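S.K.: For reference, the sequence and a predicted model appear below.
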Amino acid sequence: MTKYDDELLDSDVRPTGNREEAQIPVGRSSRGRRRGLRNALGAIPFIAYIGVFLALPAISVITTAFQDGNGKFTLSNFNEAVHGVYFKSFVASIELSFVAALVAVVVGLLAALAVSSTTNRVVRSLVTAGSGVFANTGGVPLAFSFIATVGNFGIITKLLKSAGIDIYAHGFSLYSVTGLAIVYQYFLIPLMVLIMLPPIQAIRKEWVDASQSLGASRSQFWRWIGIPLLLPPIFAAFIVLFTDSFAAYATAQALTSGTIPLVPIQLGALISGNVLAGQTNLGDALGAGMILVVVLAGVIYATIQRRTSRWLR
Amino acid sequence: MMSSMTSIKGGRYSRSGLPVKFENVARNFKDVAALKSFNLDAEPGELIVLLGPSGCGKTTALRVLAGLEMPDSGRVIIGDHDVTSLPSAKRNIGMVFQSYSLFPNMTAKENVEFGLRVRGQSQSDRSTRSGELLELVGLKSQSDRYPHQLSGGQQQRVALARALAVQPEVLVLDEPLSALDAKVRSNLRDEIRRIQLELGITTFFVTHDQEEALAIADRIAVMHQGQLEQLDTPLAVYTNPATEFVAEFVGTVNRLPGRIVDSSHVDVHNVGLVEYKSDSSFATGSEVEVLVRPESIGIREGSDAGCRILAKSFLGSTIKITLLDRTDRLISVAIPTSDAALVEGVDAVNLYSRGQALLVKGK
Amino acid sequence: MATIAPDLTPSTKSNSNNSSDVLKLGRPFRYIVLTLVGLFFIVPIVSSARFSFLGNHNSFTISAYTQLFGTAQFWSTLFLSVKVGIGTVFLTLVLLIPTVVWVHVRLPKMRRIFEAISLLPLVVPSVVVTLGVITSFRGLPNIIYGTPVILSLEYVVLALPFSYRALDSSVQAIDLKTLVEAGQSLGAGWIKLLRYVLLPNIRGGIIGASILTFAFCLGEFAVASLLSFTTFPVFLVQVGQLAASQAVALSLIALLFTWIPLAVITLVFSQRRASRSIAVADE
């Protein structure tokens, strides 16, 4: 095998994904360590800022969640948070986010595939720009434009009514969990398109050509190459969309004036003191619960990712 | 390194290659004609290199053969089958691409087995075959690596094994070495040639690197602007180019002014009498342009040395010398390293002819 | 909720002629999908416009707009939001430009880690952040906690996933380390380097990060309303409880004002990327 030694040394391994490993070299000299320390200094303002304005509030919520009104350790906040109306709000929030994310994943994926199949430059840049813009839309204005569209007195509602279809008589309501799931699509679908376009475009023509020349049909290409390659980013996108809708507050609050039982809404009501809470630190328990849900989603994602993308490591 | 280094035509898979024929193939992309009336006949088991500058249509020709591109007109015939309208998946052609063509989600072994899996072969058959092929390309020990864990050269070896796994009727390689380092490139080049001879498979190899083409080909097809300029053995292409384009594209040439002396000799400025062969006859005394290879010109010392030495570059077995004559014309000469003493400590030299002119062209 | 910056990363490996037949959806199906999705995005805008001009008995009126512009609170809340936005953009740039540059030059191996840190705000929902701000900063002097300054301070963090990414990818696109070394070899100090070499080269990223951050501040509702600051979106909700057509008119204005700059930067960046990938594609 000596003949190939030079080539084995040619460890110019071409990365197929666009990831870079962050490796920390081991066994540095003390001089190197001092330089490393000095290098780390420059990052301190940033880290400190995050520490004060993100980590500190988050940690204080989590620790307060385990304390009673006198600062003593207790689990009773959580006891309250996982019962009755609060438990239901967690279930509702998770259901809403799951369904909204699922719908957006399917529609967004189709849209992304449709865009990448077209060679029309105008359509392409229109969709890319549109996605970039709409994915950043949300909050209060979005709620009001849907009220103007399919609210009680919305333009489309009235239009349909004059055509003899009363959507509100058929059980539809914009001011419900279903309504929210629809409204959320307005920023979730473009987000999905934005996330999926790069991996779809990263599917190389050579892979398609190679599979064809090896005798594979269209469906065999998808089964063995296309889907395995797209599945990891699809999972990633699903988790991002899920957490995004799980944390969303403004749209739900503006649309339903706080009447809908979702965790962020309940927590918001507790913060603004609109609700007589039995316990002082119940809000912190809800907050900690929200962080937990997001972190769990992340863990599930990482686990699935490890299984589906062995080839990336 | 391998037990089966024997290179017998027909090889250990005891299949001999099929003839391949392009008949008047044309292919246009929008307004650009990538191929215009392209004709080529490949003998069974032959390795044909398609050589040409980028945009000459060589890759298009290859893709038409592989069925990845449909010709606008003309026919492609493999063996005695007209495959022109056959989709790529039904043609049974092994293809190796420039780079990055391995499926990133499969190990080397799984990549090699892909074509067999598509054909519904059992896992054990597939394993045997992929083991055989990975051994053939010297990568048995790397079978469970993913493409990104392999070097560029190793990836191309796997791609070759994958293309061969389905026992293709024709092997097609599209600049398979162009993304590799020089050393790896020449190793793999020889390896490809060895395997190709061993299997006796008709092979098309696209490159823009003339050195590669000369080294590996049975015959070189020099292409220019969508057409075949010349199809001949490497030696013939180099020493007897059919057109000016071939002469300039393969190797280096000097274009020197000359005057015809008789039907086989031309007096070249600064070089003296040079032998030539030409289909067209030139009148004695007519002014012509003569194309001469650097190694067909010799150097000697002289009293009225006419050419100044501008630069010398040592290329190993030869020394390339750039000279400037009195009319400010650059002349390139290559002398064997054994003659190095001739140009040692010398500023100016005289030239003489050491071989035939490639082409003679009327003005 | 706003969530992600448009992909500002110049694409290096994918190019436009990479589309292949196998990946292609059938033409009719493709256009049905795009048309339906497109309608979903256009209908609410058109309906809003129609709704905001709707008078009694389906007449056309611009009274919703005239009444709004005549309201003092419209201007004061808009002014407050703009002030908070400018403050946030300023803080963001001061904090992030040195950090991103430093990470690229001195801590290149930590780049992924810093990128991950910048995504942390996605893990903590803004409602939870607000609660944490109340519990942990209550004791701070009034000048910070009791004024909109706290909004700017928090918005820097909450907009980080967009702003950091925009800056990071623009620095990534240039060979910063070589530029710095070249500058230093020519005798430039850090200030001159920053002024004449770095900033001009990452101008696109700075503008992108600023617009994204500013748009975020103009639209942010949760933190502002829960901390009882009447910013523009909070005012919008208050209007919504009184006069629907005014709220819709106001929403339309707000949406257009955030969409236009976002559309501009997305188009500019995607075009730059397209030209870059053309340059990459040889033959």
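M.R.: Happy to help now that I have it. Numbering: from 1, shown residues only, chains lettered A, B, ... in the order given.

S.K.: got a list of what residue A:145 touches?
M.R.: Contact analysis of residue A:145 by Cβ atoms under 8 Å, 6 or more residues apart in numbering or on different chains lists C:44-45, C:47-48, C:248, C:251-252, C:255. (Glycine included, C-beta is placed from N, CA and C.)

S.K.: List the ones among these that fall in strands.
M.R.: Among the contacts of residue A:145, no member falls in strands (DSSP state E).

S.K.: so where's the stretch 201-350 of chain B uncertain?
M.R.: B:303 (pLDDT under 70).

S.K.: Mind jotting down where the helices sit in it?
M.R.: For the stretch 201-350 of chain B, the helices defined by DSSP state H, counting those that start in this stretch occupy B:210-216, B:234-239, B:244-249.

S.K.: can you list those helices in JSON lines and add mean neighbour count and distance to residue A:269?
M.R.: Formatted as JSON lines, those follow (neighbours: other Cβ atoms under 10 Å in any protein chain shown; distance: least, Cβ to Cβ, whole Å):
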{"stretch": "helix B:210-216", "mean neighbour count": "19", "distance to residue A:269": "74"}
{"stretch": "helix B:234-239", "mean neighbour count": "18", "distance to residue A:269": "84"}
{"stretch": "helix B:244-249", "mean neighbour count": "20", "distance to residue A:269": "79"}
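
S.K.: for those helices, which one sits closest to residue C:77?
M.R.: helix B:210-216 (71.1 Å; Cβ to Cβ).

S.K.: residue in the stretch 101-250 of chain C nearest to chain B?
M.R.: When scored by Cβ to the nearest Cβ, the stretch 101-250 of chain C has residue C:112 as its residue closest to chain B, at 16.8 Å.

S.K.: That residue - how many residues pack around it?
M.R.: 13 (other Cβ atoms under 10 Å in any protein chain shown).

S.K.: Where does residue B:172 sit, in terms of helix or strand?
M.R.: Assessed by DSSP states H and E, residue B:172 sits inside strand B:170-174.

S.K.: repeat for residue C:51
M.R.: Assigned by DSSP H and E, residue C:51 falls in helix C:27-52.

S.K.: which parts of that helix are buried?
M.R.: Judged by neighbour count (16 or more other Cβ atoms under 10 Å in any protein chain shown), helix C:27-52 contains these buried residues: C:30, C:33-34, C:37-38, C:41, C:43-45, C:47-52.

S.K.: now it, how far from the chain's geometric center?
M.R.: 24 Å (Cα atoms, centre = their mean, to the nearest Å).

S.K.: same question for it, mean pLDDT?
M.R.: In this model, helix C:27-52 has an average pLDDT of 89.

S.K.: which residues touch the next helix or strand after it?
M.R.: As assigned by DSSP H and E, the chain's next helix or strand after helix C:27-52 is helix C:63-69. Where contact means Cβ under 8 Å, 6+ apart, the residues beyond helix C:63-69 that reach it are C:52-53, C:55, C:74, C:239, C:243, C:245-246, C:248-250.

S.K.: try it again with 10 Å
M.R.: C:51-55, C:74-75, C:239, C:243-250, C:252-253 (Cβ atoms under 10 Å, 6 or more residues apart in numbering or on different chains).

S.K.: Sort out for me which of those residues are in helices.
M.R.: C:51-52, C:74-75, C:239, C:244-250, C:252-253 (DSSP state H).

S.K.: Specify which member of these is nearest to residue B:230.
M.R.: residue C:252 (69.9 Å).

S.K.: What residues does that closest one make contact with?
M.R.: A:141, A:144-145, A:148, C:44-45, C:48-49, C:51-52, C:64-65.

S.K.: Likewise for residue C:31?
M.R.: By Cβ under 10 Å, 6+ apart, the neighbours of residue C:31 are A:114, A:118, A:123, C:25, C:38.

S.K.: Take the residues you listed and keep only those in helices.
M.R.: Those of the contacts of residue C:31 lying in helices (DSSP H): A:114, A:123, C:38.

S.K.: With respect to residue B:158, which of these is nearest?
M.R.: Using Cβ to Cβ, those come closest to residue B:158 at residue A:114, 34.1 Å.

S.K.: So, low pLDDT: which residues of chain A?
M.R.: A:1-35, A:274-280, A:309-313.

S.K.: any idea of the pLDDT on the spatially closest residue to residue B:45 that is not a sequence neighbour?
M.R.: Distances taken as Cβ to Cβ, 6 or more residues apart in numbering or on different chains put residue B:17 closest to residue B:45, at 3.7 Å, once the chain neighbours are dropped. pLDDT recorded at residue B:17 is 83.

S.K.: Does residue B:17 touch residue B:167 like I think?
M.R.: No - counting by Cβ atoms under 10 Å, residue B:17 sits too far from residue B:167 to count as a contact (11.7 Å).

S.K.: So for the two, which residue has more residues nearby?
M.R.: Between residue B:17 and residue B:167, counting by other Cβ under 10 Å, residue B:17 is the more crowded of the two (25 against 14).

S.K.: Now the more buried one. Its backbone dihedrals?
M.R.: Recorded main-chain torsions at residue B:17 are phi -70, psi 170, according to degrees, to the nearest 10.

S.K.: cool, the one 3 residues further on as well?
M.R.: In terms of degrees, to the nearest 10, the main-chain angles of residue B:20 are phi -130, psi 140.

S.K.: ditto for residue C:163
M.R.: Taking degrees, to the nearest 10 as the convention, residue C:163 sits at phi -70, psi -40.

S.K.: Quick check: bridge partners of residue B:174?
M.R.: Beta-bridge partners recorded for residue B:174 (DSSP bridges): residue B:206.
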